[in-house]
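Asker: Make a model of this:
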Amino acid sequence: MRLSDFDFDLPEELIAQHPLYPRSAAKLLHVGPDGQLVDRTFATLAACLRRGDLLVFNNSQVFASRLIGRRQRGDVVFDGRIEVTLVAETDTRDTWICYAKPGKKLEPGDQLLFSPDLSARVQAKDGADIRLAFHEASGADVLDAIDALGHMPLPPYIQRPKGGQAQDREDYRTFCGRQKGSLAAPTASLHFDEDTLAALVVAKGLDTAEVRLDVGLGTFAPIRVDDVSAHQMHSESCALDAENAARIAAAKAEGRRVVAVGTTVLRALESLRGQEGAMSTDIFLKPGDRFAVVDALITNFHLPQSTLFMLVCAFSGTESMKAAYSHAVTNRYRFFSYGDGCFLEGRNAA
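Answerer: Numbering: from 1, shown residues only. So this is what the prediction gives:
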(Lines give C-alpha, C1' and ligand atoms only; values in the text may rest on other atoms or scores of the structure.)
Protein backbone atom coordinates (compact mmCIF):
# COMPACT_ATOMS: atom_id res chain seq x y z
CA MET A 1 0.00 0.00 0.00
CA ARG A 2 1.28 3.43 -0.97
CA LEU A 3 0.69 6.64 0.92
CA SER A 4 -0.95 8.13 -2.17
CA ASP A 5 -3.67 5.45 -1.94
CA PHE A 6 -5.08 7.34 1.05
CA ASP A 7 -5.10 10.85 -0.33
CA PHE A 8 -8.17 12.96 -1.04
CA ASP A 9 -8.93 16.61 -1.78
CA LEU A 10 -10.12 18.64 1.19
CA PRO A 11 -11.00 22.33 0.85
CA GLU A 12 -9.40 24.29 3.68
CA GLU A 13 -12.67 26.02 4.54
CA LEU A 14 -14.14 22.66 5.66
CA ILE A 15 -11.65 22.40 8.55
CA ALA A 16 -13.75 23.30 11.61
CA GLN A 17 -12.23 26.04 13.75
CA HIS A 18 -14.91 25.94 16.47
CA PRO A 19 -17.51 23.38 17.59
CA LEU A 20 -21.19 23.74 16.85
CA TYR A 21 -23.70 24.47 19.60
CA PRO A 22 -25.67 22.55 20.54
CA ARG A 23 -23.24 19.69 19.94
CA SER A 24 -26.14 17.51 18.74
CA ALA A 25 -26.46 19.80 15.70
CA ALA A 26 -23.27 18.37 14.22
CA LYS A 27 -23.79 16.29 11.10
CA LEU A 28 -23.44 12.52 11.30
CA LEU A 29 -22.76 10.39 8.23
CA HIS A 30 -24.02 6.84 8.72
CA VAL A 31 -21.91 4.39 6.69
CA GLY A 32 -23.48 0.95 6.52
CA PRO A 33 -21.56 -2.34 6.29
CA ASP A 34 -21.92 -2.36 2.49
CA GLY A 35 -20.99 1.31 2.15
CA GLN A 36 -24.51 2.72 1.94
CA LEU A 37 -24.65 6.36 3.11
CA VAL A 38 -27.32 8.15 5.16
CA ASP A 39 -27.05 11.81 6.20
CA ARG A 40 -28.06 12.36 9.81
CA THR A 41 -27.17 14.58 12.76
CA PHE A 42 -25.99 13.58 16.21
CA ALA A 43 -29.51 14.45 17.40
CA THR A 44 -30.64 11.33 15.51
CA LEU A 45 -27.77 9.05 16.58
CA ALA A 46 -30.34 6.68 18.09
CA ALA A 47 -31.32 5.64 14.56
CA CYS A 48 -27.84 4.16 14.10
CA LEU A 49 -27.90 2.19 17.35
CA ARG A 50 -29.44 -1.16 18.21
CA ARG A 51 -31.08 -2.06 21.47
CA GLY A 52 -28.49 -3.30 23.93
CA ASP A 53 -25.44 -1.81 22.15
CA LEU A 54 -22.46 -1.20 24.43
CA LEU A 55 -20.96 2.27 23.95
CA VAL A 56 -17.34 2.51 25.10
CA PHE A 57 -15.75 5.88 25.93
CA ASN A 58 -12.15 6.96 26.58
CA ASN A 59 -11.98 8.31 30.14
CA SER A 60 -8.58 10.01 29.74
CA GLN A 61 -8.85 13.79 29.93
CA VAL A 62 -6.79 16.26 27.93
CA PHE A 63 -4.99 18.89 29.98
CA ALA A 64 -3.55 22.31 29.16
CA SER A 65 0.00 21.17 28.44
CA ARG A 66 1.57 24.23 26.81
CA LEU A 67 3.42 26.53 29.24
CA ILE A 68 5.23 29.86 29.00
CA GLY A 69 8.24 30.31 31.28
CA ARG A 70 11.55 32.06 31.79
CA ARG A 71 15.00 30.49 31.90
CA GLN A 72 17.15 30.64 35.02
CA ARG A 73 20.82 29.62 35.22
CA GLY A 74 22.37 29.94 38.62
CA ASP A 75 21.11 33.21 40.07
CA VAL A 76 20.42 34.80 36.70
CA VAL A 77 16.85 34.90 35.37
CA PHE A 78 16.68 35.79 31.68
CA ASP A 79 13.97 38.01 30.23
CA GLY A 80 13.09 36.03 27.10
CA ARG A 81 10.06 33.77 27.20
CA ILE A 82 10.27 30.05 26.42
CA GLU A 83 7.24 28.04 25.31
CA VAL A 84 7.22 24.44 26.54
CA THR A 85 4.92 21.73 25.21
CA LEU A 86 4.69 18.42 27.05
CA VAL A 87 5.15 15.53 24.63
CA ALA A 88 5.52 12.26 26.55
CA GLU A 89 5.48 11.17 30.17
CA THR A 90 8.49 9.23 31.43
CA ASP A 91 8.66 6.41 33.96
CA THR A 92 9.71 8.95 36.60
CA ARG A 93 6.88 10.77 38.35
CA ASP A 94 6.36 14.41 37.24
CA THR A 95 9.09 14.11 34.60
CA TRP A 96 8.20 14.69 30.95
CA ILE A 97 9.82 14.81 27.55
CA CYS A 98 9.00 18.26 26.13
CA TYR A 99 9.54 20.52 23.16
CA ALA A 100 10.90 23.98 23.94
CA LYS A 101 10.72 27.04 21.68
CA PRO A 102 13.28 28.53 21.54
CA GLY A 103 15.27 25.70 23.09
CA LYS A 104 18.77 26.24 21.70
CA LYS A 105 20.08 28.01 24.82
CA LEU A 106 18.71 25.48 27.30
CA GLU A 107 21.27 23.30 29.04
CA PRO A 108 21.00 20.52 31.66
CA GLY A 109 20.72 22.09 35.07
CA ASP A 110 18.79 25.15 33.90
CA GLN A 111 15.53 25.98 35.62
CA LEU A 112 12.34 27.05 33.88
CA LEU A 113 10.08 29.29 35.96
CA PHE A 114 6.39 29.20 35.09
CA SER A 115 4.83 30.71 38.22
CA PRO A 116 5.87 31.43 41.83
CA ASP A 117 5.09 27.77 42.65
CA LEU A 118 5.62 25.84 39.40
CA SER A 119 9.07 25.28 37.96
CA ALA A 120 11.02 22.59 36.11
CA ARG A 121 14.67 21.56 35.92
CA VAL A 122 16.27 20.56 32.63
CA GLN A 123 17.60 17.04 33.22
CA ALA A 124 18.73 16.25 29.69
CA LYS A 125 18.60 17.57 26.14
CA ASP A 126 18.53 15.63 22.88
CA GLY A 127 18.08 17.85 19.86
CA ALA A 128 14.65 19.46 20.07
CA ASP A 129 13.61 17.19 22.96
CA ILE A 130 14.29 18.16 26.55
CA ARG A 131 13.62 16.17 29.70
CA LEU A 132 12.01 18.30 32.40
CA ALA A 133 11.47 17.40 36.06
CA PHE A 134 8.58 19.51 37.32
CA HIS A 135 8.24 20.80 40.87
CA GLU A 136 5.23 22.38 42.55
CA ALA A 137 6.36 24.24 45.68
CA SER A 138 2.96 24.44 47.39
CA GLY A 139 2.52 20.65 47.30
CA ALA A 140 -0.30 20.66 44.74
CA ASP A 141 -0.52 17.92 42.13
CA VAL A 142 1.86 18.79 39.29
CA LEU A 143 -0.57 17.98 36.47
CA ASP A 144 -3.27 20.04 38.16
CA ALA A 145 -0.83 22.95 38.43
CA ILE A 146 0.21 22.63 34.78
CA ASP A 147 -3.42 22.40 33.70
CA ALA A 148 -4.40 25.50 35.68
CA LEU A 149 -1.57 27.56 34.21
CA GLY A 150 -1.18 26.19 30.69
CA HIS A 151 -2.80 26.57 27.30
CA MET A 152 -4.77 23.87 25.50
CA PRO A 153 -2.65 21.82 23.05
CA LEU A 154 -4.93 22.39 20.07
CA PRO A 155 -4.09 20.60 16.80
CA PRO A 156 -2.03 22.62 14.32
CA TYR A 157 -4.95 22.92 11.90
CA ILE A 158 -7.03 24.91 14.45
CA GLN A 159 -5.91 28.53 14.16
CA ARG A 160 -5.74 30.61 17.31
CA PRO A 161 -4.02 33.86 18.35
CA LYS A 162 -0.87 33.41 20.40
CA GLY A 163 -1.90 32.27 23.87
CA GLY A 164 -5.09 30.59 22.60
CA GLN A 165 -8.68 31.32 23.55
CA ALA A 166 -10.15 30.71 26.98
CA GLN A 167 -13.24 28.99 25.53
CA ASP A 168 -11.10 26.12 24.25
CA ARG A 169 -10.43 25.05 27.85
CA GLU A 170 -14.10 23.98 27.92
CA ASP A 171 -14.72 23.19 24.25
CA TYR A 172 -11.76 20.80 23.92
CA ARG A 173 -12.54 18.68 26.99
CA THR A 174 -14.79 15.63 26.99
CA PHE A 175 -17.59 15.02 29.47
CA CYS A 176 -16.23 11.54 30.26
CA GLY A 177 -12.63 12.46 31.14
CA ARG A 178 -11.87 11.18 34.66
CA GLN A 179 -8.13 11.64 34.95
CA LYS A 180 -5.69 13.97 33.21
CA GLY A 181 -3.18 12.29 30.92
CA SER A 182 -3.95 13.08 27.28
CA LEU A 183 -2.08 15.63 25.19
CA ALA A 184 -4.90 15.75 22.64
CA ALA A 185 -8.61 15.26 23.14
CA PRO A 186 -10.37 12.01 22.14
CA THR A 187 -12.64 14.15 20.00
CA ALA A 188 -15.49 11.76 19.14
CA SER A 189 -16.66 12.16 22.74
CA LEU A 190 -17.00 15.92 22.26
CA HIS A 191 -20.36 15.23 20.59
CA PHE A 192 -21.74 13.83 23.88
CA ASP A 193 -22.69 15.13 27.29
CA GLU A 194 -24.27 13.48 30.33
CA ASP A 195 -27.84 14.35 29.29
CA THR A 196 -27.39 13.18 25.69
CA LEU A 197 -25.96 9.86 26.80
CA ALA A 198 -28.63 9.34 29.46
CA ALA A 199 -31.39 9.89 26.88
CA LEU A 200 -29.78 7.38 24.50
CA VAL A 201 -29.41 4.80 27.26
CA VAL A 202 -33.12 5.04 28.03
CA ALA A 203 -34.27 5.17 24.40
CA LYS A 204 -32.22 2.19 23.20
CA GLY A 205 -31.54 0.19 26.34
CA LEU A 206 -27.82 0.84 25.94
CA ASP A 207 -24.99 -0.20 28.20
CA THR A 208 -21.80 1.82 28.62
CA ALA A 209 -18.18 1.10 29.47
CA GLU A 210 -14.88 2.98 29.68
CA VAL A 211 -11.31 2.32 28.65
CA ARG A 212 -8.29 4.57 29.06
CA LEU A 213 -5.85 5.61 26.36
CA ASP A 214 -3.67 8.65 27.01
CA VAL A 215 -3.56 10.38 23.64
CA GLY A 216 -0.11 11.60 22.61
CA LEU A 217 0.91 14.36 20.21
CA GLY A 218 2.06 11.63 17.85
CA THR A 219 -1.57 11.36 16.79
CA PHE A 220 -0.85 14.42 14.58
CA ALA A 221 2.47 13.09 13.22
CA PRO A 222 2.47 12.73 9.42
CA ILE A 223 3.56 9.56 7.66
CA ARG A 224 6.92 10.24 6.02
CA VAL A 225 7.37 7.01 4.02
CA ASP A 226 5.68 6.03 0.77
CA ASP A 227 5.30 2.37 1.77
CA VAL A 228 2.84 2.70 4.66
CA SER A 229 3.80 -0.70 6.09
CA ALA A 230 7.18 0.82 6.99
CA HIS A 231 5.61 3.53 9.16
CA GLN A 232 6.35 3.30 12.89
CA MET A 233 3.49 4.36 15.12
CA HIS A 234 4.05 6.35 18.29
CA SER A 235 3.37 4.54 21.58
CA GLU A 236 0.54 5.42 23.95
CA SER A 237 -0.44 3.90 27.29
CA CYS A 238 -3.82 2.23 27.62
CA ALA A 239 -5.65 0.29 30.32
CA LEU A 240 -8.90 -1.59 30.86
CA ASP A 241 -10.06 -2.50 34.35
CA ALA A 242 -11.86 -5.67 35.41
CA GLU A 243 -15.33 -4.12 35.64
CA ASN A 244 -15.28 -2.67 32.14
CA ALA A 245 -13.63 -5.77 30.66
CA ALA A 246 -16.52 -7.79 32.11
CA ARG A 247 -19.05 -5.51 30.43
CA ILE A 248 -17.33 -5.96 27.09
CA ALA A 249 -17.13 -9.74 27.54
CA ALA A 250 -20.83 -9.87 28.41
CA ALA A 251 -21.78 -7.86 25.33
CA LYS A 252 -19.75 -10.14 23.06
CA ALA A 253 -21.17 -13.29 24.67
CA GLU A 254 -24.73 -12.00 24.29
CA GLY A 255 -24.31 -10.95 20.66
CA ARG A 256 -24.59 -7.23 21.44
CA ARG A 257 -22.46 -4.78 19.50
CA VAL A 258 -19.44 -3.05 21.00
CA VAL A 259 -19.51 0.54 19.72
CA ALA A 260 -16.24 2.43 20.12
CA VAL A 261 -16.70 6.16 20.64
CA GLY A 262 -13.53 7.28 18.90
CA THR A 263 -10.46 5.75 17.31
CA THR A 264 -8.59 5.89 20.64
CA VAL A 265 -11.16 3.52 22.14
CA LEU A 266 -10.89 1.21 19.15
CA ARG A 267 -7.09 1.16 19.29
CA ALA A 268 -7.12 0.46 23.02
CA LEU A 269 -9.71 -2.33 22.84
CA GLU A 270 -8.06 -4.05 19.89
CA SER A 271 -4.63 -3.77 21.56
CA LEU A 272 -5.91 -5.28 24.80
CA ARG A 273 -8.24 -7.70 22.94
CA GLY A 274 -10.98 -6.54 25.29
CA GLN A 275 -9.20 -8.11 28.27
CA GLU A 276 -8.33 -6.55 31.61
CA GLY A 277 -4.82 -5.14 31.61
CA ALA A 278 -2.51 -2.23 30.88
CA MET A 279 0.11 -1.78 28.19
CA SER A 280 1.89 0.61 25.87
CA THR A 281 0.48 0.24 22.38
CA ASP A 282 1.78 1.26 18.98
CA ILE A 283 -0.90 -0.62 17.06
CA PHE A 284 -1.22 0.51 13.43
CA LEU A 285 -4.51 -0.63 11.91
CA LYS A 286 -4.65 -0.51 8.12
CA PRO A 287 -6.55 -2.26 5.32
CA GLY A 288 -6.27 -6.03 5.62
CA ASP A 289 -6.38 -6.04 9.41
CA ARG A 290 -9.34 -7.56 11.24
CA PHE A 291 -11.11 -6.42 14.38
CA ALA A 292 -11.71 -8.81 17.25
CA VAL A 293 -13.62 -6.57 19.68
CA VAL A 294 -15.20 -3.50 18.06
CA ASP A 295 -18.30 -3.86 15.86
CA ALA A 296 -19.12 -0.19 15.15
CA LEU A 297 -17.24 3.09 15.43
CA ILE A 298 -18.24 6.71 16.04
CA THR A 299 -15.49 9.02 14.84
CA ASN A 300 -14.80 12.42 13.32
CA PHE A 301 -13.42 12.94 9.82
CA HIS A 302 -9.66 12.56 9.56
CA LEU A 303 -6.75 14.04 7.61
CA PRO A 304 -5.74 12.80 4.16
CA GLN A 305 -2.85 10.31 4.23
CA SER A 306 -3.15 9.92 8.01
CA THR A 307 -2.98 6.75 10.09
CA LEU A 308 -6.51 7.46 11.31
CA PHE A 309 -7.90 7.60 7.78
CA MET A 310 -6.15 4.27 7.17
CA LEU A 311 -7.79 2.92 10.32
CA VAL A 312 -11.32 3.77 9.12
CA CYS A 313 -10.45 2.31 5.71
CA ALA A 314 -9.45 -0.90 7.49
CA PHE A 315 -12.70 -0.89 9.43
CA SER A 316 -15.19 -0.06 6.68
CA GLY A 317 -13.29 -0.65 3.45
CA THR A 318 -11.06 1.74 1.52
CA GLU A 319 -13.44 2.31 -1.39
CA SER A 320 -16.39 2.78 0.96
CA MET A 321 -14.49 5.37 2.99
CA LYS A 322 -13.25 7.23 -0.07
CA ALA A 323 -16.85 7.43 -1.27
CA ALA A 324 -18.01 8.53 2.19
CA TYR A 325 -15.38 11.27 2.41
CA SER A 326 -16.17 12.47 -1.11
CA HIS A 327 -19.83 12.64 -0.12
CA ALA A 328 -18.88 14.55 3.04
CA VAL A 329 -16.86 17.12 1.07
CA THR A 330 -19.63 17.59 -1.50
CA ASN A 331 -22.20 18.06 1.27
CA ARG A 332 -20.03 20.47 3.25
CA TYR A 333 -19.42 18.34 6.32
CA ARG A 334 -17.01 19.94 8.79
CA PHE A 335 -13.71 18.07 9.28
CA PHE A 336 -11.31 17.18 12.10
CA SER A 337 -11.40 17.76 15.87
CA TYR A 338 -14.21 20.33 16.11
CA GLY A 339 -16.06 18.99 13.10
CA ASP A 340 -18.84 16.57 12.23
CA GLY A 341 -18.70 12.80 12.62
CA CYS A 342 -19.63 9.48 11.15
CA PHE A 343 -21.07 6.21 12.40
CA LEU A 344 -19.28 3.27 10.82
CA GLU A 345 -20.58 -0.28 10.87
CA GLY A 346 -17.63 -2.62 10.58
CA ARG A 347 -17.67 -4.97 7.64
CA ASN A 348 -14.94 -7.35 8.77
CA ALA A 349 -15.19 -7.67 12.55
CA ALA A 350 -13.81 -11.07 13.58
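
Asker: how about the helices in the stretch 151-300 of the chain?
Answerer: With DSSP state H, counting those that start in this stretch as the criterion, the stretch 151-300 of the chain has helices at 168-171, 194-204, 242-253, 263-272.

Asker: what comes into contact with the second one?
Answerer: The set of residues external to helix 194-204 that reach it, using C-beta atoms under 8 Å, 6 or more residues apart in numbering, is 23-24, 42, 45-46, 49-53, 55, 175, 206-208. Any C-beta I mention is one placed from the backbone N, CA and C, and that applies to glycine too.

Asker: Kindly recompute the last result at 10 Å.
Answerer: With contacts defined as C-beta atoms under 10 Å, 6 or more residues apart in numbering, helix 194-204 is touched by 22-24, 42-43, 45-53, 55, 57, 175-176, 189, 192, 206-208, 261.

Asker: show me the contacts for the residue lying closest to N58 once chain neighbours are set aside.
Answerer: In space, and not counting its chain neighbours, N58 is closest to P186: 4.1 Å by C-beta to C-beta, 6 or more residues apart in numbering. P186 sits next to 57-62, 174, 176-177, 213-215, 219, 261-265, 268, 299, 337 when contact means C-beta under 10 Å, 6+ apart.

Asker: ok, how many other residues are close to G52?
Answerer: By other C-beta atoms under 10 Å, 14 other residues sit near G52.

Asker: so what's it closest to, chain neighbours aside?
Answerer: R256 (4.4 Å).

Asker: Looks like the one you found contacts R51 (just checking).
Answerer: Yes: with contact defined as C-beta atoms under 10 Å, R256 reaches R51; the gap is 8.6 Å.

Asker: Of these two, give the one with the bigger neighbour count.
Answerer: The neighbour count for R256 versus R51, taken as other C-beta under 10 Å, is higher for R256 (19 against 9).

Asker: Do you know the pLDDT at that one?
Answerer: Confidence at R256, expressed as pLDDT, is 97.

Asker: ok, A128 to C238 distance?
Answerer: 26 Å (C-beta to C-beta, to the nearest Å).

Asker: before we move on, what about F291?
Answerer: Counting by C-beta to C-beta, the separation of F291 from C238 is 16 Å.

Asker: repeat for V329
Answerer: Using C-beta to C-beta, V329 is found at 32 Å from C238.

Asker: Which one of these two is surrounded by more residues?
Answerer: Shown here are V329 and C238; by other C-beta under 10 Å, C238 has more neighbours (25 against 16).

Asker: residue contacts, the more buried one?
Answerer: Per C-beta under 10 Å, 6+ apart, neighbours of C238: 58, 60, 211-215, 264-265, 267-269, 271-272, 277-281, 283.

Asker: Pull out the buried residues from those residues.
Answerer: Neighbour counting with 16 or more other C-beta atoms under 10 Å marks 58, 60, 211-215, 264-265, 267-269, 271-272, 281, 283 as buried within the contacts of C238.

Asker: Going along the chain, name the strands of the stretch 1-150 of the chain.
Answerer: Secondary structure of the stretch 1-150 of the chain by DSSP state E, counting those that start in this stretch: the strands cover 27-31, 37-41, 54-58, 60-62, 66-73, 76-89, 95-101, 111-113, 118-126, 129-136.
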